[in-house]
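Visitor: got a structure for you, letters missing:
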Ligand SMILES: Cc1ncc(C[n+]2csc(CCOP(=O)(O)OP(=O)(O)O)c2C)c(N)n1
Ligand SMILES: [Mg+2]
């Protein structure tokens, strides 16, 4: 093997750039400094200097999810890379192809309780598809190629540990490919599998389709399927924007944030067709119906419910093969009932618009309804975990080409602002709106400074309800006192103004729309803090709970079970 003049850091940067990495979200330090230096000298990758490594991982996760390309983050020795972990869990559980570089202390002192010593292989073992430590320069190109290839090929996090003594050494050239191969060969179903599914469907009358993000490249066929079968189309919350534009048979999405029209469609169907989804709650599925599940990932088949026919296939290829074999259904009784239920729920969702709250307590439903009207048709929304998931789930609509990302499977707080950073770097021409909780925004507050430092024109909406409202509801519904859920907040508008953003706080519902227009029209980064009702809640996944909500305020201030 011949030695090149590159050092290991330069080789790593070269391989990353050749593989399509555009940004690395990180904080430099100690053993990472050589990499930072190499990135600047090379010039093809932008180093995005974050204020917390966790945010860097969230930002990379957002970029990877929006572009489908590999994105990168890095943390320095010990605490630097330890901070990556929560964001990496999110990326891994969102199947986002993310490369994480964990620089660490010199290999000669491993196992000696050296300053900042940690073991990245132990640390990242449960949130990665590939996780290795290179202790010689020879290993670096092999491991780096494998980390990126597995991240792209299996959809998840590839981690490579780079000790301080390795990163500055001469690189060793190798056979390892310098690019990542994203093959287009998607799994197809066999004819027998398609025939088995068609037979089951053709002999049934009440059919429901439950679709997740795996359908995003097959939206036309998905709609055709539900129309041909007069089947209610139910989605996951995560995929509600990407799958529902123009869908005639859409009846809402499933789960605790969803609508009972969707839940009942799944409960009452004789045959349920599940396509490309990883919905987390098994309790929503009946156990005595016929269930067909199709997924590109074989390991997902049968994981969430009792499946009768499981098929490993790309959804588009599967539906192309299946659709010609299906008889068109004529009876629409089951579908009509579901559509009516969905329309009734939508009518209730309109009520907060007529009653938008009072001074110091704006209804968050009204806030999201107004945002949905004013945001760009191709906006990217990032959503914090908490009550904002509820409101976005009810009020955001797809428009032309909107996208929504959040911590939908890992369920971490504080994801929206750092994800908006990654989203804006990934999609500079689109409006990027972070919908943040007051608890969420405070958790990774430092990223406000990152946004100012780069003058990154993201729009931050803070729902200042002075509580960890989602958890307050959790506790109240469980019959517990909602202790430790209060937040003493600053005026977020004033704080953001002091930091250098264009910012405003609005507490009068009559002023919300005007403030929102100013905020969205800002050229640079802008923050709008909205003083919202801490007691707003919605239980639309259950007809009974929705019907029993307080009169005149059907979605809010619902007195929970047992109180
Ligand atoms: C990192 C992390 N810590 C704690 C939780 C538990 N949790 C879920 S939602 C939530 C409250 C979020 O509060 P806030 O951001 O103010 O949103 P709100 O529900 O008030 O709209 C908490 C504490 C979590 N999901 N993630
Ligand atoms: Mg809150």
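Guide: Good, I have the coordinates. From a predicted model like this one, the values you see are computed outputs, not experimental measurements. Numbering: from 1, shown residues only. Ligands and ions are numbered 1, 2, ... in the order given.
Visitor: Please make it C-alpha for all contacts and neighbour counts, starting now.
Guide: Will do.
Visitor: Please name the residues that touch the residue of the stretch 201-350 of the chain found nearest ligand 1.
Guide: Proximity to ligand 1, evaluated over the stretch 201-350 of the chain using Cα to the nearest ligand atom, is greatest for residue 257 at 12.7 Å. Taking Cα atoms under 8 Å, 6 or more residues apart in numbering as the definition of contact, the neighbours of residue 257 are 237, 389, 390, 393, 539, 540, 541.
Visitor: and the fifth one, how far is that from residue 408?
Guide: For residue 539, the distance to residue 408 equals 18 Å [Cα to Cα, to the nearest Å].
Visitor: Neighbour count for those two, which is higher?
Guide: residue 539 (23 against 18; other Cα atoms under 10 Å).
Visitor: Ligand 2 versus the spatially closest residue to residue 44 that is not a sequence neighbour, what's the distance?
Guide: Using Cα to Cα, 6 or more residues apart in numbering and skipping residues adjacent in sequence, the residue nearest residue 44 is residue 17, 6.3 Å away. Here the criterion is Cα to the ion, to the nearest Å. By it, residue 17 lies 40 Å from ligand 2.
Visitor: What strand or helix carries residue 17?
Guide: Under DSSP states H and E, the secondary-structure element containing residue 17 is helix 8-18.
Visitor: quick one: the residue nearest to residue 44 and residue 45 touch, right?
Guide: Yes. In this structure residue 17 lies within contact range of residue 45 using Cα atoms under 8 Å: 6.4 Å.
Visitor: for the particular helix or strand that has residue 159 in it, packing partners?
Guide: With elements delineated by DSSP H and E, residue 159 resides in strand 157-163, which encompasses its position. With contacts defined as 3 or more Cα pairs under 8 Å, 6 or more residues apart in numbering; DSSP states H and E, strand 157-163 has these neighbours: helix 85-93, strand 98-104, strand 130-133, helix 139-154.
Visitor: The last one vs helix 8-18, what angle?
Guide: This means helix 139-154. Orientation check (axes from the mean of the first three to the mean of the last three Cα atoms, to 10 degrees): helix 139-154 against helix 8-18 gives 30 degrees.
Visitor: Need the residues that contact helix 139-154.
Guide: Contact partners of helix 139-154, identified using Cα under 8 Å, 6+ apart, comprise 8, 11-12, 15, 69-70, 95-99, 129-132, 134, 156-160, 172-174, 176-182.
Visitor: Of the contacts of residue 257, which pair is most distant in space?
Guide: By the measure Cα to Cα, 237 and 539 form the most distant pair in those, at 14.5 Å.
Visitor: contacting residues around residue 107?
Guide: Counting by Cα under 8 Å, 6+ apart, residue 107 makes contact with 135, 163, 164, 165, 166.
Visitor: mind running it again at 6 Å?
Guide: For residue 107, the contacting residues are residue 163, by Cα atoms under 6 Å, 6 or more residues apart in numbering.
Visitor: Next, give phi and psi for residue 411.
Guide: Residue 411 has phi and psi values of phi 70, psi 40 when expressed as degrees, to the nearest 10.
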